[in-house]
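Engineer: With the input below, show me the fold.
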Amino acid sequence: MSRLAAPLVSLAPMAGVTDIPFRRQVKNFGGRYCVSEMVACEQLARERLDMVRRAAGAGVISPLVIQLAGREPRWMAEGARMAEAAGADVIDINMGCPAKSVTSGLCGSALMRDPVTALRLIEATVGATGLPVTLKMRLGWDHASLNAPDIARSAQAAGVRMLTIHGRTRNQFFAGAADWAAIAPIVDAVSIPVIANGDISSACDARRALLLSGAAGVMIGRAAQGRPWLPGAIEHALKHGGEAAAPERAQSLASLLTLYEDTLEFYDRGLGVRVARKHIAWTIDAVFGAGARERRKAICMLEDSSRVREELCVLFDGEPERAAA
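Structural biologist: Alright, predicted model coming up:
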């Protein structure tokens with residue numbers, strides 16, 4: 001089996017964040033590999049609208065990487081077949097989500113407590129599709145059970161082509177600092193590419209994560225919220241030196257307005273206005289910092305999409321000090 005070419009920098013799957021409109025902006029800024037929001041297999045098979053939306057993207061996002069989550073082999077297999085039919089290029093298995101709403105259903109990182117079931121799910125997914133299958137997980141459920149190397153070896157033997165490891169346990173959630181050095185034993189345990197994830201928000205972070213982990217690449221998560229340019233900028237810096245450079249304010253505004261229009265179209269206007277608010281808030285924070293919090297709040301409360309566009313243009317065209325006035 002040939003190796004899957006490992007992306008040097010990729011965008012992490014984030015529920016409520018990495019939908020098609022946001023991934024399009026990441027791609028526009030040079031991000032090459034973007035993973036979808038987590039798609040619950042059983043709900044996808046039952047054609048629940050939000051899951052169908054999450055699995056969309058054929059002809060829009062390339063490569064189309066769809067992340068699947070589930071707790072039963074039959075649903076993982078069906079989800080893999082449906083994702084392939086929907087135009088996926090790569091299928092990723094979620095064994096890293098720490099959210100209680102996910103782990104209470106024996107999905108996500110809860111599977112790291114049951115490696116036998118996890119392997120069955122992996123085998124069912126790989127067996128149901130001819131697409132490359134990848135796996136994202138954490139170091140373990142807690143520090144008493146750092147079993148990621150063992151699961152990694154089993155996953156490789158079952159046909160998984162690439163691994164992404166978040167450098168925390170499930171019980172850490174997002175507390176403390178990600179332990180990039182703790183990813184090194186997983187890198188040593190397998191011959192397939194391993195990607196390091198967790199707390200990477202700059203080219204400096206990426207270089208250190210690669211050095212400590214020995215990984216083939218890095219995955220950018222929460223730091224990309226409001227910064228769709230970040231994955232592409234970090235990759236450019238890793239290849240050419242220096243630090244990741246933010247775009248000019250005018251370019252950030254143009255990106256945000258395009259993201260806003262795409263979101264209204266993708267979700268329909270009523271829902272889209274609400275969905276877009278978090279992206280507006282994150283982008284304003286990224287560009288202006290705390291100085292524009294009151295303006296951010298006022299813009300995010302608007303229901304009229306035309307007013308939202310007008311106020312964003314006024315904010316971004318002014319100076320930070322004026323924006324806060």
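Engineer: all strands for the stretch 101-250 of the chain, in order.
Structural biologist: Here the stretch 101-250 of the chain has its strands, by DSSP state E, counting those that start in this stretch, at 133-138, 162-166, 194-197, 217-220.
Engineer: angle of the longest one against strand 162-166?
Structural biologist: Counting by axes from the mean of the first three to the mean of the last three CA atoms, to 10 degrees, strand 133-138 lies at 20 degrees to strand 162-166.
Engineer: Just name whatever secondary elements strand 133-138 is in contact with.
Structural biologist: With contacts taken as 3 or more CB pairs under 8 Å, 6 or more residues apart in numbering; DSSP states H and E, strand 133-138 sits against strand 90-95, helix 115-128, helix 148-158, strand 162-166. Any C-beta I mention is one placed from the backbone N, CA and C, and that applies to glycine too.
Engineer: Quick one: mean pLDDT over the shortest one.
Structural biologist: In other words, strand 162-166. On average, the pLDDT along strand 162-166 is 98.
Engineer: that older thread, the strands of the stretch 101-250 of the chain into TSV, with extra columns for distance to A181 and mean neighbour count?
Structural biologist: Shown next, in TSV, are those (distance: least, CB to CB, whole Å; neighbours: other CB atoms under 10 Å):
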stretch	distance to A181	mean neighbour count
strand 133-138	15	26
strand 162-166	12	28
strand 194-197	10	28
strand 217-220	14	27
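Engineer: so which of those gets nearest R277?
Structural biologist: Evaluated over the strands of the stretch 101-250 of the chain, closeness to R277 peaks at strand 217-220, with 22.2 Å, by CB to CB.
Engineer: Name the strands paired with the closest one and say parallel or antiparallel.
Structural biologist: strand 9-11 (parallel), strand 194-197 (parallel) (DSSP bridges).
Engineer: Can I get those in CSV including mean pLDDT?
Structural biologist: Listed next are the strands paired with strand 217-220 as CSV, based on pLDDT from 0 to 100:
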stretch, mean pLDDT
strand 9-11, 98
strand 194-197, 98
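Engineer: Now stretch 28-44: buried residues?
Structural biologist: Neighbour counts over stretch 28-44 (16 or more other CB atoms under 10 Å) mark 28-29, 31-44 as buried.
Engineer: ok, back up a step: possible to save the strands paired with strand 217-220 as a markdown table with distance to R53?
Structural biologist: Output for the strands paired with strand 217-220, formatted as a markdown table (distance: least, CB to CB, whole Å):
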| stretch | distance to R53 |
| --- | --- |
| strand 9-11 | 18 |
| strand 194-197 | 24 |
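Engineer: what's the closest of those strands to D268?
Structural biologist: strand 9-11 (24.9 Å).
Engineer: who's in contact with that closest one?
Structural biologist: Applying CB atoms under 8 Å, 6 or more residues apart in numbering, the contact partners of strand 9-11 are 18, 23, 26, 31-35, 164, 195, 206, 217-220, 224, 231-232, 234-235, 238.
Engineer: same thing but at 6 Å, please
Structural biologist: Outside strand 9-11, the residues within contact range by CB atoms under 6 Å, 6 or more residues apart in numbering are 26, 31, 33-34, 218-220, 231, 234-235.
Engineer: I'm done for today, thanks for sticking with me.
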